[in-house]
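Student: Fold the stuff below for me.
(2 chains)
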Amino acid sequence: MVEANIEMLEDEPSFKEFAIEEFLVRSEPYYRAVGDELELFEAAYEQHIPVLLKGPTGCGKTRFVEYMAWKLGRPITTVRSEDSQEMREGDVRVPLVTIACHEDLTASDLVGRYLLDANGTRWIDGPMTRAVKAGAILYLDEVVEARKDTTVLIHPLTDHRRILPVEKTGNIIEADDRFLLCISYNPHYQSALKDLKHSTRQRFISIEFDYPPIDIEAEIVAKESGCDEDRAHALARLGDKIRNLREHGLAEGASTRLLIYAGRLMRQGIPDRRACQVAIVWTLTDEAELQRSIEEVVYSIFE
Amino acid sequence: MTNSATGNLLDELAKLPPAVAEAYQAVADAMAESFSEEETALWAREGVAIGTQTVRSWESAVEYYRVSPEVARSLAFASFMQWARCGTYLSQDSPTLAVAFFKASPSIVTNLRPQYIPRWAGLGRSLYKGTWKSSTLAARFFEVSPDLVRNLPFWDVEVFASLIEALSYKSYDVAAECLVLGRDVLPAMGREREAFLSMSRALTDSSWREVKACLEMAPRALQHVEEGQTGRFLRLGEKLAKMGLRDTSRFLYDGAQALSHVSAGSQGHILDLCEGLLASTPDAVPPFLKSLDPVLNRITLQQLDQWYQHGVELLNENPESGIAFFKIESNTSESMLETLSSSLDLERVKGIMRLYTRALSGENIEVLSTAELVRRQIGWVDQDTASTDGTKVYLPPVIDNYNDKAQNFAWFKVVATHQVSHLEFGSFQFDFVRPANVFDDRRFRMEEAIQARIEAIRTATAEHFQLLDPDAAPSIEVGEGPGGTMRVYTDIGRFLALFEDRRMAFDLFSVLEDCRLDYRIKTEYPGIRRPALDVQGDALIQRPRIEELPLQEALIELLVHMSLDRFEGLPVPQDYREEAYMLARIMHRLRTVRASIEDTGEAALRAYEIISRLQNQQEPEDEFQPEDLDDPGEFSEEEYQALLDKLQAQMSEQQGEEGEGDPYESPEPVEYRGDFKPEMVQLLTKLQMDQSEMGDAEPMTQEELEQLLQDSAELELDAQEGDVDQSMAMFAQNIMKEAGVPPPSNDPGRGYGPILHDDDAGGELEALEPKTFVYDEWDFRANDYKPRWCIVKEKILDEGDPNFYNDSLRNYASLLAHIKRQFELIMPETWRKTYRLIDGEDIDLNSALEAWADLRMNVPPDEKIYWRRNRVERDVAVVFLLDMSASTAEAIDEGRHSVDDRDAPDDPVEYMVWLRRRREGLVRRHYKRIIDLERESCALLINALESIGDTYGIYGFSGYGRENVEFYVIKDIDEQFNDKIKRRIDKVTPLHATRMGSAIRHAVTKLENQDAVTKIMFLISDGRPQDRGYSREGVEKEYAVHDTHQALLEAKRKEIVPFCLTVDKAGHDYLKTMCGDLNYEVLDDIWALPERLPMLYRSLTM
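Tutor: Sure, this is the predicted structure:
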């Protein structure tokens, strides 16, 4: 019985749990710079200028932020004492708080709320509050999706004040020196409903992302998926061709992420054409003719 | 003859009307010559016997006597009397019959064996049934008999007569008609007559009316059937008739038609199949034959068997579905045909090809049929070869090179890929001054050399003239020779101007470029490497033999072979081994991804320099030795120069030695590579560019263009096919047209069903066809609906040019931005409070108190104590109905817009709009019609609606008569916005009348099915509703207006907000009645439509 228990324990899934502001990017994420975005972000970080990342889905915005969090934190090696968790030398200490915004995300989801317990109410900090306090990079992904009331929070945080007013508790939190707000948005989704207001937009510097040029994308695909160079290059070319179909029925081109998925499937031994079909063609569209057209491109590029 | 006997006879004749005696007297002498006295008496007496049978039989007696001499000439007396006796009997029954019998006899007896005469008479007799009608029929029979007997064997006549008899039981008239038809038709039939008669006989039992139809049909139908098979075919018809097939004539016709499309010798096989069906399910035979033609258009005879077998299996399982299968009314059948048919229509794969080419090239490419290109007459002439002009890829309309559909598709793809590769890898981007990548730039030096030479000539000539006459202005044209002024218009032209033999240079350029592209394709698209190799292999088979060509052409053909990926075992003339290897090296150098179009140019230049220095003479065949040129070694400029010097030296040596050799001929084109016309493409592009930047440079005149075309090497190639000089002017015109804005096409969409005329008369209608709908109509006089009164036919509008949409957006760019901003404001932020939430804007007092009480009682409280305002989603569905009636073709008066500036708006945005509109009015020669503004508004609206995400449908309506209310789908309400819709807008054209009521009702039906909070129906018209039978006399206008009003009310009842917008200035008078208290607007200024429409929509949905 005992032995069996031990075995069970060994089989238990391994996961790690972090407090939201303690989540650190521990090892260097792979990021291949296309332009001067690294320098720009670094400069903005030093100067406390919030950053807006524009670009289509799956072109590396999130990865970029992760990479920056790691890069910016790397030289600082002091260990935070209040925590029992020991940090080894070389570990980062610019935490990254990522929030995927959605239609129902409200200001209080970000700031925090009162919870009821036996003794009455208890205040719980929301992720934004915690990020502000911990001096993290707060990354609001697809910010246009969030409800408009979040702008109330974003505005004071993004100008010279760098404060977060917590209405319900009546507090104002001044952001830690290392705090930086970073938002992303995909201009291709824009509609009258979901567009950033200029008063918001103009609080950020904007770094535009697009799918990398073929050679760089091939490099990324090869690195990320581990498939061979020829395939990576072919995938990159496929991506490029498919993106030509944007506005010809395809809402979005094939993202680098999808190309990487296809590459990974190939690495696992899935035949090339099939891998592209499931990872790219069928993911991109449900329209039969369009599927067929993209498939023909796939068939031309892959044997 | 004894006197007493004669007297006796005369006495008896006297009892009859005098005509008898006269007739007797007239022939008596003649008869006496033929017969003996005794016999003559018998003959004469028989006449009396005939004459005395009944009251009117004297007429037959007259006829008897009259024809007797003629008959007697052919018959012996015994037979003669037998014949006469037959007449007597007939006369007994009916004198008419006898008369007819006798009348026909003279010609019968010459053709019919005497022993058959009684049987013949019997045939006629059997038709007589004692009635007047039957006697007419029988008489008719005798009338046509001579022809029948002359042309048919007697037994066929007998069968035919029995057929007629059988028919006569059904109808004497039909029988009589068939009799005559038979006389005309049957003789022409050969051996099949028997089968045909037997089939007809079978028909008399089941569907006797068909006999006549078959007789009428037969000669035409049967000529399509192979001689040996007609019998079988007819027996098939007979069996079917016996089994109860009703319309045999139809079967004959369809069947014969179907068989006529079958290649000779295969009809028997088809009939085998039919007989097979006959055994199991006879009903399936007619549909099978009927479908045969369309089916065989798609699949081969061998494949037909597969299709047929499948159908038979289905028949065995379920006759119904089997028959549907043979009618090609089932999906199984269709898809089976699809799989079996190997030929591929461009139409079917055009969409895929279009997206494919767009993906590859990244340009907005259209895929069109080559037929279209030929039609444009701008220099492309061959329908079967693919081509591209830079923005459009032309492919042949049908491919049936292979027996396999997949292979045919692969061919399409290889061809399309090759064409697109011209764009992708920059064939048309040739830039004279851009350096090449893998070769040294020799062309600059060449141009300089040529220019120096020209300059030298010029100076020399000028001096010469100066000497002769110092005052003469030195206006010397050096038009001849390369470097003429016109040719620098395009870069390719400038390049080709370097060569003396431009055609050879261009041929080399093409071959080398195709080689470069095919290489690129193979490296960039490994997936089509195999089909591409197949296609190249097939192309190689069709190439001429290198050994049989004169030297220059042989070397070029060698290059063509190599460009098709054939390097091994190529015949190389041994005397010119070095040259061949050098050419191979040049070509190999292009086979790298680094090579650019300029490299192709350099390669062509080098190849030209070698080949042009050789004499185009036939080399003996044994001079050629197979060599492998797959690795001819690295190209080096030094070696090349050395070879060139050697050749140059040889040339000077040989000068004057031998003849010039054969004139140079271009190599056969490689089919799949199609037409490559870089100069033409550059020219078109340039012309277009020049036109768009008007004023900058003087645009090219037609004369200049003609001159340019005359110089073109590409055209020289085609000149063989027709006299280009003659058509040069037209040609240039076409090109100018091509480069400019194409004139708007006014043709309405194709394929709208025939317009039936059906007036007010008639009753309810049925919607029988798919996509048709029946609606009631309101009759205000009866104060009731007319049930099922109108048929609405829903059709998807044809697709036109997407540019109309894009142009509209561009033309109204500033207005567009304005509208968009306005639309952003629409968003109804309707807030609704939601209580009992886990989190929200504020604490909800009620639930908070409850929670507090719970806490006090130590009960876990409900945490949901907040309230929040939730935004209500905008939920609008809208249908726009565009009036496409003929009156929208009316031109809009734009006079006032051209002069006065008084109505210039103050607002800068609006001013820009106004200004643009005004300028358009001035610049554009084409007047604008109401419909154009409707279309433009439509484009703007779509753009705006897309941005706010409302559900919307756009439809046009027109029609003619109540059974033809046409309802055109521009964008169906459930359809996603796409390119097709852009195209459809272009095809919105004025058509017929306006029966608004039914159109509204159909639109309402569409909206009804929508699940939206707000539903709006927006009607845009240009005048009062009218249609045939819709707006009648006296009360005419009222009827239509009332019905429309009623339809709008119905909409309102269904919680749909109707809105009418009219551009008819006189609209106020009837709109009041038509819309009642519903919303409407009369737009006084039609020009304001594009602006007003979105605004109205906005205010409606606020």
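Student: what bits of the stretch 201-350 of chain B have low per-residue confidence?
Tutor: Counting by pLDDT under 70, the ranges of the stretch 201-350 of chain B that qualify are B:264, B:339, B:341-342.
Student: Centroid-nearest residue for the chain?
Tutor: Unless you meant another one, I'm taking chain A. residue A:62 (2.5 Å; C-alpha atoms, centre = their mean).
Student: ah, no, chain B please
Tutor: By C-alpha atoms, centre = their mean, chain B has its centre lying nearest to residue B:347, at 9.4 Å.
Student: so what are the domain limits for chain B?
Tutor: B:352-424, B:442-453+B:484-679, B:753-830+B:874-892+B:928-1102, B:832-871, B:893-927 (automatic domain parsing).
Student: And chain A, is the first one touching that?
Tutor: Yes. Contact between domain B:352-424 and chain A, assessed by C-beta under 8 Å from any C-beta of the partner chain, occurs at B:352-356, B:358-363, B:413, B:417. No exception for glycine: its C-beta is placed from N, CA and C like everyone else's.
Student: Counting neighbours, what do you get for the residue in chain A that chain B sits nearest to?
Tutor: Distances between chain A and chain B by C-beta to the nearest C-beta are smallest at residue A:293, namely 3.4 Å. Neighbour count of residue A:293, defined by other C-beta atoms under 10 Å in any protein chain shown: 28.
Student: per-residue confidence for it?
Tutor: Note on residue A:293: pLDDT of 89.
Student: tell me which element the residue in the stretch 201-350 of chain B positioned nearest to chain A falls in.
Tutor: Taking C-beta to the nearest C-beta, chain A has its nearest neighbour within the stretch 201-350 of chain B at residue B:349, 8.7 Å off. Residue B:349 belongs to helix B:346-361 when assigned by DSSP states H and E.
Student: How about residue B:1093?
Tutor: helix B:1089-1101.
Student: and that helix with chain A, contact?
Tutor: No. Judged by C-beta under 8 Å from any C-beta, helix B:1089-1101 stays clear of chain A, getting no closer than 11.2 Å.
Student: Would you mark the buried spots in that helix?
Tutor: By 16 or more other C-beta atoms under 10 Å in any protein chain shown, the buried positions in helix B:1089-1101 come out as B:1089, B:1090, B:1091, B:1092, B:1093, B:1094, B:1096, B:1097, B:1098, B:1100, B:1101.
Student: quick one: low-confidence parts of the stretch 351-500 of chain B?
Tutor: If you take pLDDT under 70 as the line, the stretch 351-500 of chain B has these spans: B:373-384, B:465-488.
Student: Next, the contact list for residue B:336, please.
Tutor: Under the criterion of C-beta atoms under 8 Å, 6 or more residues apart in numbering or on different chains, the contact list for residue B:336 reads B:306, B:307, B:310.
Student: quick revisit: need the residues that contact the helix holding residue B:349.
Tutor: Residues outside helix B:346-361 that contact it (C-beta under 8 Å, 6+ apart) are A:241-242, A:244-245, A:248-249, A:289-290, A:292-294, A:296-297, A:300, B:364-367, B:369, B:393, B:395-399, B:409, B:412-413, B:416-417, B:419-421, B:423-424.
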